[in-house]
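# What would the 3D arrangement of this be:
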Amino acid sequence: MAKAILGRKIGMTQIFTEEGQVVPVTVIESGNNVVVMNKTVESDGYNAVQLGFGEVKEKHLTKPEKGHFDKAGVKPVKFIREMRLSDASEYNVGDTIGVDIFEAGELVDITGTSKGKGFAGTIKRHNFARGPMGHGSKSHREPGSTGAMISGHGGRVLKGKKLPGQMGHTQVTVQRLSIVKVDADRNLLLIKGAVPGPKKGFVVIRDTKKPKK
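As a prediction, this is how the structure comes out:
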């Protein structure tokens, strides 16, 4: 059965293996995930569970959110995500899930929200090449031509064209990351390599969809 858990990115550090090799790892605080809702094919048309993680004060909830938690009979949580499963019958509302569902050496896919970098030009955002930097050049960092002749009726910018705009703050999934260590006592996962998002950002950890390379 597919495994999934929610967590919060703490930051990066490094650990040493028994052979003396340095391994860069991302520390993720997880554990104590609560099942807020259980969806089935009969009631909702598909199988899924809603997992919740993180503390939140009741005064920060909207009335619909408070009613959702009251109906489930669980303590309010800050971060909720729905996980599609082929069979959700093993999970019941109110059940808690810890980091011990994973083991060191397993491969996981981690989804998070990337860092926002503000408004950026095409060179930074899309890796465009710049123009000549001589004084005679009129185009140093401009994106270049943006229009297209359409049936002789003038040009327009086609949808999807790479242009300047807001960079970052989008959902990013990194696949096939290896779990280096599982610390069940402190509810920590040590993941080899970098994980999307800033410190204290929420992430979703799932079984990898690509177990074999």
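# And for stretch 92-109, what's in contact with it?
With contacts defined as Cβ atoms under 8 Å, 6 or more residues apart in numbering, stretch 92-109 is touched by 3, 5, 30-38, 51, 72-74, 173-184, 187-189, 191, 205-211. From N, CA and C alone the C-beta is placed, and that goes for glycine too.
# Next: stretch 72-81.
By Cβ under 8 Å, 6+ apart, the list of residues contacting stretch 72-81 reads 6, 8, 34-37, 50-58, 61, 65-66, 69, 93-94, 202, 204.
# redo that, cut-off 6 Å
Identification of contacts with stretch 72-81 by Cβ atoms under 6 Å, 6 or more residues apart in numbering yields 6, 34, 36, 50-54, 56, 58, 61, 69, 93-94, 202, 204.
# Buried ones from these, can you make that a PyMOL selection?
Selection of buried members from those for PyMOL, criterion 16 or more other Cβ atoms under 10 Å:
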select buried, resi 6+34+36+50+51+52+53+54+69+202+204
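# On the three-state scheme, the residue in the chain sticking out farthest from the centre is what?
Outermost residue of the chain with respect to the C-alpha centroid, by Cα atoms, centre = their mean, is Gly136; its distance is 45.7 Å. Secondary structure assignment for Gly136 (DSSP: H, G, I helix; E, B strand; the rest coil): coil.
# Check which residues of stretch 198-213 are buried.
Within stretch 198-213, judged by 16+ other Cβ under 10 Å, the buried ones are 201-206.
# could you dump those to JSON lines with secondary structure?
Listed next are the buried residues of stretch 198-213 as JSON lines, based on three-state DSSP:
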{"residue": "Gly201", "secondary structure": "coil"}
{"residue": "Phe202", "secondary structure": "strand"}
{"residue": "Val203", "secondary structure": "strand"}
{"residue": "Val204", "secondary structure": "strand"}
{"residue": "Ile205", "secondary structure": "strand"}
{"residue": "Arg206", "secondary structure": "strand"}
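# packing partners for the helix or strand Gly118 falls within?
Secondary structure assignment for Gly118, by DSSP states H and E: strand 116-120. Counting contacts by 3 or more Cβ pairs under 6 Å, 6 or more residues apart in numbering; DSSP states H and E, strand 116-120 is packed against strand 165-168.
# Sort out which residues of the strand it packs on are buried, please.
In strand 165-168, counting by 16+ other Cβ under 10 Å, buried: Met167.
# what is the rounded mean pLDDT of it?
Taken as a whole, strand 165-168 has a mean pLDDT of 96.
# Many thanks, have a good one.
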